[in-house]
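[1] Give me the fold of what follows.
(one chain, ligands or ions: 1)
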Amino acid sequence: MQLREGIIVKSQKYQENSKIITLVNTEGLETFLVRGASLHKSRNFSYSQELTKIGYDFHSGRNSFNILTTGKVIESYGGIKADFNKLNDALLIIEATNQLGIHLSDFSTFYQFLDEILLLLDLNLYHPYYLLIFRVKILYLLGIGPVFSKCVECGNRDNLIGFDFLKGGMKCNECDNKNTIYYNQEVIQLLRFLYLNKLESLSTEVLEKLPNHYLEASKFLDRYYEHFLGYQSRASKIIKKMKLSEN
Ligand SMILES: [Zn+2]
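    Residues are numbered from 1 along each chain as shown. Just a heads-up that it's a prediction; the model follows:
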């Protein structure tokens, strides 16, 4: 029997000992009831955890949840789960997937990308830029790709001096209106590089040679997400608090 495949982005306890899982696949986000999944001894336990790639089958529940009938773990991302930083970033990635999925139309491309980025995070040494790559690249799939290569006002490709958050792109020195422009060129160039280059060419060797502007680039993306999607990650706020209280 050919199983379907998906990555679990959310898992919640349901009733006495079942779970409701949300997974993403090449067609979209889907929700299933997994009976007995919160019992550690249950065979349903292993394939109902967040951040797990599973093969599955289901039958349609009448008037209620679709019910998972078969499941098997394809990838449990042991490399991610063994590293606190990797786990933080992976949880932010699946949270964003779960929250922003409604804005996606091309799930086929998105799923392939998510699958690849999680595998890179799992197998390679930790690098914070994988999260940046995910966050900046999915903007394109969300239909709100930033315009890095030309002036959003006049189309000029030269003398681009800063990024206008209201317009979602660069402005040239002719169209600069001073008020809303972000001028840190190094951060802009870093994000532009991660946005435009294919994932295959962003190896760990390449990432290690890039300048360290992680915090600034993250703030840039927070601002962009908030402006275009009204999205603030709950998990990232919690993680920031945890990091503050550690110091
Ligand atoms: Zn211009």
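[2] interface residues of the protein facing the ion?
    Neighbours of the ion within the chain, by C-beta under 5 Å from the ion: 151, 153, 154, 156, 172, 174, 175. Heads up, the C-betas are built off the backbone N, CA and C, glycines and all.
[3] From those, keep the buried residues only.
    151, 153, 156, 172, 175 (16 or more other C-beta atoms under 10 Å).
[4] Pull the contacting residues for the closest residue to the first one other than its chain neighbours.
    Right, the one you point to is residue 151. Leaving aside its sequence neighbours, residue 151 sits nearest to residue 172 (C-beta to C-beta, 6 or more residues apart in numbering; 4.0 Å). Residues near residue 172 by C-beta atoms under 8 Å, 6 or more residues apart in numbering: 151, 153, 154, 156, 158, 159, 160, 161.
[5] Among the residues you listed, which one lies nearest to residue 123?
    residue 160 (36.2 Å; C-beta to C-beta).
[6] count of neighbours near the closest one?
    Number of residues near residue 160 (other C-beta atoms under 10 Å) recorded here: 23.
[7] Is the nearest residue in space to it that is not next to it in sequence in a helix, a strand, or coil?
    Leaving out its chain neighbours, the residue that sits closest to residue 160 by C-beta to C-beta, 6+ apart is residue 170, at 4.2 Å. Per DSSP: H, G, I helix; E, B strand; the rest coil, the secondary structure class of residue 170 is strand.
[8] Number of residues surrounding residue 170?
    Counted with other C-beta under 10 Å, the neighbours of residue 170 add up to 26.
[9] On the strand side of things, show who it bridges to.
    residue 151, residue 163 (DSSP bridges).
[10] picking up where we left off before, can you tell me which of the buried ones among the residues of the chain next to the ion is nearest residue 202?
    Ranked by distance to residue 202 (C-beta to C-beta), those are led by residue 151 at 26.5 Å.
[11] sorry, back to before: the residue nearest to residue 160 contacts residue 158, doesn't it?
    No: applying C-beta atoms under 8 Å, one finds residue 170 not in contact with residue 158, separated by 10.8 Å.
[12] any idea how far the residue nearest to residue 160 lies from residue 159?
    The gap separating residue 170 from residue 159 is 10 Å, by C-beta to C-beta, to the nearest Å.
[13] Break this structure into its domains for me.
    Taking automatic domain parsing as the criterion, the chain consists of the domains 4-76, 79-246.
[14] Start and end of the first one, how far apart?
    Counting by C-alpha to C-alpha, to the nearest Å, the length from the leading to the trailing residue of domain 4-76 is 16 Å.
[15] Secondary structure element for the residue at the greatest distance from the centre of the chain, which one?
    Most distant residue from the mean C-alpha position of the chain: residue 174, 35.5 Å away (C-alpha atoms, centre = their mean). Assigned by DSSP states H and E, residue 174 belongs to neither a helix nor a strand.
[16] Please list all residues in contact with it.
    Contacts of residue 174 by C-beta under 8 Å, 6+ apart are 151, 154, 156, 159.
[17] again with residue 204
    124, 125, 127.
[18] tally of neighbours for residue 59?
    Neighbour count of residue 59, defined by other C-beta under 10 Å: 10.
[19] Look up which residues are beta-bridged to it.
    On the basis of DSSP bridges, residue 59 is bridged to residue 67.
[20] pretty sure it contacts residue 66?
    Yes: proximity of residue 59 to residue 66 meets the contact threshold set by C-beta under 8 Å, at 7.1 Å.
[21] Now do the shared contacts for the two.
    Counting by C-beta under 8 Å, 6+ apart, no residue touches both residue 59 and residue 66.
[22] ok, the residue nearest the centre of the chain to the ion distance?
    Centroid-nearest residue in the chain: residue 93, 3.3 Å away (criterion: C-alpha atoms, centre = their mean). Between residue 93 and the ion the distance is 35 Å, computed by C-beta to the ion, to the nearest Å.
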